[in-house]
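*Asks:* Sequence and predicted structure are below.
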Amino acid sequence: MIQRISAEETYPVRQQVLRPGRPLRECFFEGDLEKDSFHLGYFHEGNLAGVATYVARKNDLFETSLQFQLRGMAVLPQFRKKNIGEKLLLEGETLLRQTETSILWFNAREVAVEFYKKYGYHTVGEAFMIPNVCIHIVMYKNL
């Protein structure tokens with residue numbers, strides 16, 4: 001079951017998946033508390049299993065002004081291979097289409113590029129390193 005959650009509720013999942021061994025404070029992402037941002041949580045038997053954050057953020061690579069950035073999508077290891085990432089992504093797309101957002105973009109980890117391609121996302125530009133994390137590349141989809 002997917003429902004909206006607070007930014008703070010995303011942090012333990014982000015920490016375990018995206019920032020293992022790092023302090024919880026490093027799981028706060030720019031845009032988390034902006035008024036147009038929203039956070040989705042996937043619950044399995046009452047336990048938070050996965051999270052995704054959507055932030056109204058313009059990327060100059062795209063001309064349109066109605067853009068959102070996907071940030072911090074993470075699924076706990078014990079819940080992987082259950083299509084939770086897919087469900088969080090598709091629910092976010094559905095909600096953004098209701099706002100007339102035209103592009104969803106994000107910095108994808110190199111290891112996740114093929115996952116996003118299955119859902120119609122494209123890469124743009126060159127891969128780059130996010131310090132202390134890993135190599136990423138910008139991906140996007142016209143909604």
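*Replies:* Sure, I can see it. Not measured: the values here are computed from a predicted model.
*Asks:* residue boundaries of the strands in this protein?
*Replies:* For the chain, the strands defined by DSSP state E occupy 2-5, 38-44, 47-56, 67-75, 103-109, 122-130, 134-142.
*Asks:* Return the list of strands paired to the lowest-mean-pLDDT helix or strand in the chain, each annotated with direction.
*Replies:* Sorted by mean pLDDT, DSSP states H and E, the helices and strands of the chain end with strand 122-130, the least confident at a mean of 88. Here strand 122-130 has these sheet partners by DSSP bridges: strand 134-142 (antiparallel).
*Asks:* Tell me what angle the strand it pairs with forms with strand 103-109.
*Replies:* Angle of strand 134-142 versus strand 103-109, following axes from the mean of the first three to the mean of the last three CA atoms, to 10 degrees, is 160 degrees.
*Asks:* quick one: buried residues of strand 134-142?
*Replies:* Neighbour counts using 16 or more other CB atoms under 10 Å place 136-141 of strand 134-142 among the buried residues. C-beta coordinates here come from the backbone N, C-alpha and C atoms, glycine included.
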